[in-house]
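Student: next one to model:
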Amino acid sequence: MGQLPWKNLNVIDMSSNRLQGHLPLPPPSTIGFLISNNKLVGGVPSSICNLNSIQSLDLSSNSLSGNIPSCIGNASDGLEVLNLGMNQLSGTIPLTFTKGNSLMYLNLHGNQFEGSLPHSLLNCERLEFLDVGNNKMKGSFPQWLESLPKLQVLILRSNRFSGPIGNPKTSFSFQKLRFIDLSNNDFTGPLPTNFFGTLVGMMDAHSDYLEYMEDAIGTNASTFSYYQYSVAMSTKGSNIEVEKIQTMFIAIDFSRNYFSGEIPKSIGRLNSLKGLNLSHNKLTGNIPPSLGNMSSLEGLDLSSNELSGTIPWQLATDLDQLEFLNLSNNKLEGRIPPGPQFNTFEDDSYGGNLALCGFPLSKSCSEDAANVPTLPTKQKGEDDEHTIGFDWKVVVMGYGSGFVIGISVGYMVLTDKTIDWLVENVRGSAQRRRSVKRSKQ
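Tutor: Residues are numbered from 1 along each chain as shown. Just a heads-up that it's a prediction; the model follows:
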């Protein structure tokens, strides 16, 4: 890459080109340097820490390698966005996040980082988004992250984290958490009831207007550049990149671990949850009827466990937003309850449960299995023992087919029913996508 005319440039966006060679460095006065999705190679030089005015630094989706400078998290007191995801970086995460820093978004997804999460992240008191997925990190569940008062998104997927998530006496306090992805690790033990009971950010969430999780680059210019967070989702081999993250996105993915025991009834309190994936674990017992309280649920995957008993009728009658269901490969029995959404699912949603019967399976129910109680019809405004008394209205947005996703309070809408909904393989990434002119007074 030849000489570039850096002079008088504050925000430099060279993303999504075909740039090759080593990482160029802009002048120290730069406040936004976005050079993602290119073909840059080599290491990240320590001189990058001379960008003492930087607010947003995005080097993601290149082929950068080696260790990252220990000073990078403190290059500027005003650094709010640091995205190094989807490279070939290695080593450990620097331990030098100093107290009073401004970091809000940290994305290290898809590298080869090892070791454990540095406790100096506790100094990032403004941190909202943390993604260290798809690395080689290890250690126990970082419960200490609950001390971050603004943390909304936590992605640890596809690493080597292990051990239980607390115990029955553990006190949790993830007050603002909207999305958590622990999938494809080695976590063990029961799902702690206390953990789900404290996720108040997933309860009674609402928004009167659209917002997006973003960071403004610059404060005094006549035009602002907004660095918008995004989420990439993989659904059965299909990758979907959502470039704008709306402020209503709430989901839990604990799939592909070694969790055991019963599904806690307290999960039913998360009445604003859009996606729940507990598949490919060792969960036992019955499916709790309290899951029917999650009236906003659009995706439910409990497949490949050892769940037994019948399918609660509350799931069929109360989950009227459900777009994706997978209960396959368990030990469920009895008649599949009918319902507005349940009647739309194919037989593969229930496969591998040899004692299940009824539509849409080809196996007919015996007289005993068919004699199930009449399913109650819920009246408008009725509040029975199966309903949590939250006054929450779902805002449905027609944005065409695909996903509309948001983070801040947490909301996901799947508008194309042909796409299998899974809260699987979620990672955070970010793209600067728009410039907004400040309106004149």
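
Student: so where's the protein shaky on pLDDT?
Tutor: Scanning the chain for pLDDT under 70 picks out the ranges 1-8, 205-248, 368-441.

Student: please repeat the previous calculation with a cut-off of 80.
Tutor: Filtered on pLDDT under 80, the chain yields the residue ranges 1-9, 73-75, 95, 167-170, 205-249, 367-441.

Student: measure the residue of it most remote from its centre to residue 354 for me?
Tutor: Relative to the mean C-alpha coordinate of the chain, counting by Cα atoms, centre = their mean, the farthest residue is residue 367 (44.0 Å). Distance, residue 367 to residue 354, by Cβ to Cβ, to the nearest Å: 19 Å. From N, CA and C alone the C-beta is placed, and that goes for glycine too.

Student: go on, residue 282?
Tutor: Where residue 354 is concerned, residue 282 sits at a distance of 19 Å (Cβ to Cβ).

Student: more neighbours: which of these two?
Tutor: Between residue 282 and residue 354, counting by other Cβ atoms under 10 Å, residue 282 is the more crowded of the two (13 against 10).

Student: my guess is that one meets residue 330, correct?
Tutor: No - the criterion here is Cβ atoms under 8 Å, and residue 282 misses it with residue 330 at 11.3 Å.

Student: okay, and the common contacts of those two?
Tutor: By Cβ atoms under 8 Å, 6 or more residues apart in numbering, residue 282 and residue 330 have these common neighbours: 305-306.

Student: so where do the helices sit in the chain?
Tutor: Under the criterion DSSP state H, the chain contains helices at 193-197, 313-318, 367-370.

Student: which residues sit against stretch 184-194?
Tutor: By Cβ under 8 Å, 6+ apart, the residues outside stretch 184-194 that reach it are 141, 156-168, 170-172, 254-267, 278, 283.

Student: what's the span of it, first residue to last?
Tutor: End-to-end distance for stretch 184-194, by Cα to Cα, to the nearest Å: 22 Å.

Student: quick check: buried residues in it?
Tutor: Buried residues in stretch 184-194, counted by 16 or more other Cβ atoms under 10 Å: 184-185, 187, 189-192, 194.

Student: now do stretch 308-317
Tutor: Using 16+ other Cβ under 10 Å as the test for burial, stretch 308-317 gives 310-317.

Student: returning to that earlier point: closest to residue 290 out of the helices of the chain?
Tutor: For the helices of the chain, the distance to residue 290 is smallest for helix 313-318, at 7.9 Å, taking Cβ to Cβ.

Student: can I get the closest one in PDB, CA atoms only?
Tutor: Presented in PDB, the C-alpha positions along helix 313-318 are these (Å, rounded to 0.1, in the frame of the first residue of the first chain):
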ATOM      1  CA  TRP A 313     -49.900 -27.900  26.600                       C
ATOM      2  CA  GLN A 314     -48.800 -24.400  27.700                       C
ATOM      3  CA  LEU A 315     -46.200 -24.400  25.000                       C
ATOM      4  CA  ALA A 316     -48.800 -25.100  22.400                       C
ATOM      5  CA  THR A 317     -51.400 -22.600  23.500                       C
ATOM      6  CA  ASP A 318     -49.300 -19.700  24.900                       C
END
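
Student: distance from that helix to the middle of the chain?
Tutor: Computed by Cα atoms, centre = their mean, to the nearest Å, the chain-centroid distance of helix 313-318 equals 26 Å.

Student: ok, residue 158 to residue 110 distance?
Tutor: Distance of residue 158 to residue 110, given as Cβ to Cβ: 9 Å.

Student: an error on my part: the question was meant for residue 50.
Tutor: With Cβ to Cβ as the criterion, residue 50 and residue 110 are 27 Å apart.

Student: so for these two, which residue has more residues nearby?
Tutor: The residue with more neighbours, out of residue 50 and residue 110, is residue 110; 23 against 15, by other Cβ under 10 Å.

Student: list the buried residues of stretch 346-362.
Tutor: Burial within stretch 346-362, assessed by neighbour count using 16+ other Cβ under 10 Å, is assigned to 349-350, 353, 356-358, 361.

Student: ok, what's across the strand from the residue nearest the centre of the chain?
Tutor: In the chain, the centroid-proximal residue (Cα atoms, centre = their mean) is residue 179; its distance is 4.3 Å. Beta bridges link residue 179 to residue 153, residue 251 when assigned by DSSP bridges.
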